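Peer 1: pasting the sequence and the predicted model now:
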There are 2 protein chains.
Amino acid sequence: MITVELLEKYGVIKKSFDKNDIILEEGNLPSHYYQIISGEVKMSNYNDDGREFIQGIFYNGQSFGEPPLFLNQKYPANAIAVENTEIFILPKGNFMKLLEENPKVSIKIIENLAQRLYYKSVMAAEISTHEPEHRVLKLIDHGIAYFNFQKDKNGYLINFTRQQIGDLTGLRVETVIRAIKALEKKGELKIINRKVYR
Amino acid sequence: MITVELLEKYGVIKKSFDKNDIILEEGNLPSHYYQIISGEVKMSNYNDDGREFIQGIFYNGQSFGEPPLFLNQKYPANAIAVENTEIFILPKGNFMKLLEENPKVSIKIIENLAQRLYYKSVMAAEISTHEPEHRVLKLIDHGIAYFNFQKDKNGYLINFTRQQIGDLTGLRVETVIRAIKALEKKGELKIINRKVYR
DNA sequence: TCCGTTTTATGATTAAAATCATAAAATGGA
DNA sequence: TCCATTTTATGATTTTAATCATAAAACGGA
């Protein structure tokens, strides 16, 4: 996350997106740095028969889509507004100048990329070698640590739909529903009027 | 990749590992920066029944294991020497000092992390939503672009065993063998005395 | 408040890859 | 050069999650 003052100094602009708007598209070449002001963004892929895989979900203050920007490669996924969203957008040239002139920002970027790489390492191993229940639980625990889940008297409210959990873990929605039921039976989590708590 | 001169200036040491030696272990806290001088290193996970998932394979000049170093988190995977390997090892404190005093290195680190994140994004989507043949072909094409595969009159020699391809794509070795056969039949690649070319 | 859409839910069936079994070929140390 | 190990290979069987079908509950705009 880069501070508003710094972004403004380098000529950032604000842009609004409605729910379900496409912010950037797979296959396109990157030209801007994106940082969320408010709202929620997902980056995801669709395979040939329309099945979705969610690479990640991003909230206030978080940036997304930097890797291809640094590599001059095409975006490997789409970015879509999950709800109405406001975003800071900075042209690549300005962004690079900002980085050069503010070395401490580089460290922030490194930490952010490291965090995302860490998540992807954990989930890749999960998706490849573990059963549905294990995958779902790992995603939930990651979500508690890194997403903005709220804690109340029942525990952490897992603010994902079953479909989203499926799209994040490579499982179909029915499998997720059954896995969550099984996890509840084992006492690993609670279901209170359809909402999942841990 | 950080230059030898710079590493030496900050007190790097060399260390040798034999084939199959464990360089660092899942669950441990990081304390050093690692950069390969010669040889080959894999980072991988093992699930409860010993099934392996290879996070990545690294060669001369490449570094590995940085994300947890930047985050002060436990390693999410093991690093193992695939063959006899020499490695530059720099203590965390020295490495951080090097970064602070050489801002251009930060950009290199960013590019490297971005590249690895890119690979993981592509493979995560593959593993979650595509059939074995597609997954194998995608890995092979990625390998051609980013690993040191050699080109000769038959095309690029894919320098992975079927088992390695399986461990990188989350498939069992028999499935990989059958997928490669099917891809040959479709003309997507060649098998010349058991070696795969593309 | 009504109605279309989304989300959660459950049972039956199917398909695809994993597993199991076995073996030939190749490789690499001793 | 020999022999143990690794790699590639193939067929049969099983298992597991996907798929298919259907529906109730909840949600959200108009």
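Peer 2: Yep, it's here.
Peer 1: and the average pLDDT for stretch A:66-83 is what?
Peer 2: Per-residue pLDDT values over stretch A:66-83 give a mean of 95.
Peer 1: buried residues, it. List them.
Peer 2: A:66-70, A:75-82 (16 or more other Cβ atoms under 10 Å in any protein chain shown). In short, each C-beta sits where N, CA and C put it, glycine included.
Peer 1: can you check my assumption that residue A:49 lies in a helix?
Peer 2: No: under DSSP: H, G, I helix; E, B strand; the rest coil, residue A:49 sits outside any helix and is assigned coil.
Peer 1: residue contacts, residue A:149?
Peer 2: Going by Cβ atoms under 8 Å, 6 or more residues apart in numbering or on different chains, residue A:149 touches A:143, A:156, A:157, A:158, A:159.
Peer 1: repeat that with 6 Å
Peer 2: A:143, A:156, A:159 (Cβ atoms under 6 Å, 6 or more residues apart in numbering or on different chains).
Peer 1: likewise residue A:20?
Peer 2: For residue A:20, counting by Cβ under 6 Å, 6+ apart, there are no contacting residues.
Peer 1: pLDDT wise, what is it at?
Peer 2: At residue A:20, pLDDT is 89.
Peer 1: helix/strand/coil for it?
Peer 2: coil.
Peer 1: so how far is residue A:91 from residue A:123?
Peer 2: When distance is defined by Cβ to Cβ, to the nearest Å, residue A:123 is 32 Å away from residue A:91.
Peer 1: neighbour count winner among these two?
Peer 2: residue A:123 (24 against 15; other Cβ atoms under 10 Å in any protein chain shown).
Peer 1: any residue of the longest helix along chain A touching DNA strand C?
Peer 2: If you go by DSSP state H, chain A has its longest helix at helix A:103-129. No: Helix A:103-129 stays clear of DNA strand C (Cβ under 7 Å from any atom of the strand), getting no nearer than 8.4 Å.
Peer 1: that helix packs against which elements?
Peer 2: On a contact count with 3 or more Cβ pairs under 6 Å, 6 or more residues apart in numbering or on different chains; DSSP states H and E, helix A:103-129 meets strand B:52-58, helix B:66-71, helix B:103-129.
Peer 1: could you pull up the mean pLDDT of whichever helix or strand comes after it?
Peer 2: Under the assignment DSSP states H and E, the closest C-terminal helix or strand after helix A:103-129 is helix A:132-146. Helix A:132-146 comes out with an average pLDDT of 94.
Peer 1: and helix A:132-146, anywhere near DNA strand C?
Peer 2: No: on the criterion Cβ under 7 Å from any atom of the strand, helix A:132-146 is out of touch with DNA strand C, staying 12.0 Å away.
Peer 1: got a list of contacts for that helix?
Peer 2: By Cβ under 6 Å, 6+ apart, helix A:132-146 touches A:126, A:149, A:156, A:158, A:165, A:168-169, A:171, A:175, A:179, A:182-183, A:198.
Peer 1: show me what from chain A comes close to DNA strand C.
Peer 2: Residues of chain A lying near DNA strand C (Cβ under 7 Å from any atom of the strand): A:161, A:162, A:163, A:173, A:174, A:177, A:178, A:180, A:181, A:191, A:194.
Peer 1: tell me the buried residues in the helix or strand containing the third one?
Peer 2: Taking DSSP H and E as the criterion, residue A:163 maps to helix A:162-169. Residues of helix A:162-169 classed as buried: A:162, A:164, A:165, A:166, A:167, A:168, A:169 (neighbour count, 16+ other Cβ under 10 Å).
Peer 1: stretch A:105-118 too?
Peer 2: Under 16+ other Cβ under 10 Å, the buried positions of stretch A:105-118 are A:105, A:106, A:107, A:109, A:110, A:112, A:113, A:114, A:115, A:116, A:117, A:118.
Peer 1: now, which of the buried residues of stretch A:66-83 lie close to chain B?
Peer 2: Restricting the buried residues of stretch A:66-83 to those touching chain B (Cβ under 6 Å from any Cβ of the partner chain) yields A:67, A:70, A:76.
Peer 1: CSV for those, including distance to DNA strand D?
Peer 2: Listed next are those as CSV, based on distance: Cβ to the nearest atom of the strand, whole Å:
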residue, distance to DNA strand D
A:67, 27
A:70, 33
A:76, 21
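Peer 1: doesn't residue A:10 make contact with residue A:98?
Peer 2: Yes: counting by Cβ atoms under 6 Å, residue A:98 touches residue A:10, with 4.6 Å between them.
Peer 1: tell me which parts of chain A are close to DNA strand D?
Peer 2: Counting by Cβ under 7 Å from any atom of the strand, the residues of chain A near DNA strand D are A:51, A:131, A:132, A:170, A:171, A:172, A:174, A:175, A:193, A:194.
Peer 1: no more questions from me, cheers.
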